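A.B. asks: Predicted model and sequence follow; I will ask about them next.
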Amino acid sequence: MNVFAQNPAETVTTRSRPAVVLEGFADLWIVFEYVDASFARKLLPNYLRLGTPPPGTPTGAHLMMHSFGTQTVRLHRLRWIPLTYHESIIGVCYVEPTQHASDARPHSVMTSASANRLLPMLLGRLIGYPKAFTRNVVTDRSFCMTTLLTARALMFGRFDATGSLSEASGSPALAISEPILRHPVISRTPWGTVLASRFDLENDGWLFAPVESVTDVTSAGLAGLPPGNHAWHGIDRTGVGAFRSRHHWQLSWPVKVRRPTSEEPIS
């Protein structure tokens, strides 16, 4: 039996929504930045293409997102010991499957990811996320990633708050970022199935604060975040930028992305 639902709401109209399987709490530093569209395009697998970015995007630019921090996850509605781990994600926003019409709903895709616990790394790989197993150390102001066995430095980021935590949902500072955080994440499994996963952020209790960041990347293996020094301003200054986000989320069963037939409308 195929455990993946067949009709994603993102691609084909359906009568029912996939059941929630995981829920969690995230304490993350999130960065949105504009990069050259040609750079973003080179990061995509052949089943994806760049979609239309939001209004206000500079000509020739495209949005990427990076996140660093801590996830605490448990099975939905089951009382078990929550699994806490430190994770990084690098990805391209506003992408779409190449086999769909140009007005297909936007997705995001991970180009690089890492976790410091074996189980989330393996589960991520199962549904096609490019997760690596690394040593990640988090403090209240920093995220450090090193190789697991040799502790060779891969990246170090410092994040300094420039404001207090406040209610995130509906904040003008997140006008560009909030919709992207709700985009389904597209991936392709090791056996070739293209999936869409929806991480639903809960508005209640969602807090954010702008941060200034200086991040030093020493590895060429983080696809989408090249080696060098990266400085990001707070999202309150730049419209896209860096902020701390503390939020609850739920993950529905991944759904299989398939090309609609001529009789099936694209939502």
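C.D. replies: Cool, got the structure. This one's a predicted model, so the numbers in the text were calculated from it and none came from an experiment.

A.B. asks: quick check, distance from the longest helix along the chain to the centre of its chain.
C.D. replies: Longest helix of the chain, by residue count under DSSP state H: helix 118-126. Offset of helix 118-126 from its chain centre (CA atoms, centre = their mean, to the nearest Å): 15 Å.

A.B. asks: now do stretch 140-147
C.D. replies: 18 Å.

A.B. asks: With stretch 78-91 instead?
C.D. replies: 13 Å.

A.B. asks: That stretch: which residues count as buried?
C.D. replies: Leu83, Thr84, Tyr85, His86, Glu87, Ser88, Ile89, Ile90, Gly91 (16 or more other CB atoms under 10 Å). (Glycine included, C-beta is placed from N, CA and C.)

A.B. asks: next structured bit after the longest helix of the chain?
C.D. replies: strand 131-133 (DSSP states H and E).

A.B. asks: Which of the buried residues of stretch 78-91 fall in strands?
C.D. replies: Leu83, Thr84, Tyr85, His86, Glu87, Ser88, Ile89, Ile90, Gly91 (DSSP state E).

A.B. asks: pLDDT at the fourth one, what is it?
C.D. replies: Put plainly, it is His86. As predicted, His86 sits at a pLDDT of 98.

A.B. asks: Would you enumerate the residues in contact with it?
C.D. replies: Gly69, Thr70, Gln71, Ala115, Asn116, Asn136, Val137, Val138, Phe143 (CB atoms under 8 Å, 6 or more residues apart in numbering).

A.B. asks: Mind checking which of these are buried?
C.D. replies: Listed as buried from these are Gly69, Thr70, Gln71, Ala115, Asn116, Asn136, Val138, Phe143; burial here means 16+ other CB under 10 Å.

A.B. asks: From these, pick the one nearest Leu195.
C.D. replies: Checking the buried ones among the contacts of His86 against Leu195 by CB to CB gives Ala115 as the nearest, at 18.5 Å.

A.B. asks: can you tell me how far that closest one sits from Leu75?
C.D. replies: 17 Å (CB to CB, to the nearest Å).
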